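Enquirer: Sequence plus predicted model, see below.
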Amino acid sequence: MTSRYLIRASEVEAYSPANHTGTFNRRLVSQANVGAQHMEVVLGEIAKGGGALPHAHPGMEQACYLLEGTAHVEVEGESFEMVPGDTCFFPADKMHIFQTTSDTPAKLLVIYSPPYGENPERVRRPA
């Protein structure tokens with residue numbers, strides 16, 4: 001039986017997002033695959049030392065739940081280390097970074113609201 005609401009990560013094509021290094025994402029929940037209008041869920045895998053360079057998302061909130069590995073995070077001048085089971089929150093339009101610190105890749109769920117969709121109009125980078 002198939003369902004238009006069941007998503008298998010292994011069946012979702014991976015992509016490398018802009019402004020990231022060593023990162024492969026799979027967009028699990030989006031308008032394109034399940035018709036989501038107000039949120040987006042991405043499964044990310046980030047190699048050691050890889051991650052997001054400084055950026056912000058105007059009008060969009062972001063949360064990251066760390067599944068595996070460890071990471072260093074900075075948001076608006078605050079920095080902290082994440083371990084599996086931790087969640088971080090990036091408020092709309094606040095500069096942030098995310099970098100893997102473990103020897104193994106970090107795996108995380110990323111939730112955007114409203115959806116990001118790699119739209120260049122929904123990201124701001126330092127000058």
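Expert: Cool, the structure landed. Residues are numbered from 1 along each chain as shown.

Enquirer: The most centrally placed residue in the chain: helix or strand, and which one exactly?
Expert: Of all residues in the chain, the one closest to the mean position by C-alpha atoms, centre = their mean is Val110, 3.9 Å from it. Per DSSP states H and E: Val110 is located in strand 106-113.

Enquirer: Could I get the phi/psi values of the residue lying closest to the residue nearest to the centre of the chain once chain neighbours are set aside?
Expert: Closest residue in space to Val110, ignoring its immediate chain neighbours: Val42 at 4.3 Å, by C-beta to C-beta, 6 or more residues apart in numbering. (Glycine included, C-beta is placed from N, CA and C.) Here the main-chain torsion angles of Val42 (degrees, to the nearest 10) amount to phi -120, psi 140.

Enquirer: doesn't Pro115 make contact with Val42?
Expert: No. Counting by C-beta atoms under 8 Å, Val42 does not reach Pro115; the two are 9.9 Å apart.

Enquirer: which residues do those two both contact?
Expert: Here Val42 and Pro115 share no contacting residue, scored by C-beta atoms under 8 Å, 6 or more residues apart in numbering.

Enquirer: And the residue nearest to Val110, what's its pLDDT?
Expert: Looking at Val42, its pLDDT stands at 98.

Enquirer: do the same with the one 4 residues further on
Expert: Turning to Ile46, the model gives it a pLDDT of 98.

Enquirer: what about it, how many neighbours?
Expert: Residues lying near Ile46 (other C-beta atoms under 10 Å) number 24.

Enquirer: list the buried ones in the helix or strand hosting it?
Expert: Taking DSSP H and E as the definition, one finds Ile46 inside strand 40-55. Of all the residues in strand 40-55, those buried under the rule 16 or more other C-beta atoms under 10 Å are 40-48, 50-52, 55.

Enquirer: quick revisit: in this structure the residue nearest to the centre of the chain contacts Glu61, no?
Expert: No. The pair Val110 / Glu61 is not scored as a contact, 11.2 Å apart, by C-beta under 8 Å.

Enquirer: who touches His57 in this structure?
Expert: Contacts of His57 (C-beta under 8 Å, 6+ apart): 90, 92-93, 112, 116, 122-124.

Enquirer: Dump those into JSON lines; add secondary structure as well.
Expert: Listed next are the contacts of His57 as JSON lines, based on DSSP: H, G, I helix; E, B strand; the rest coil:
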{"residue": "Phe90", "secondary structure": "strand"}
{"residue": "Ala92", "secondary structure": "coil"}
{"residue": "Asp93", "secondary structure": "coil"}
{"residue": "Tyr112", "secondary structure": "strand"}
{"residue": "Tyr116", "secondary structure": "coil"}
{"residue": "Arg122", "secondary structure": "helix"}
{"residue": "Val123", "secondary structure": "coil"}
{"residue": "Arg124", "secondary structure": "strand"}
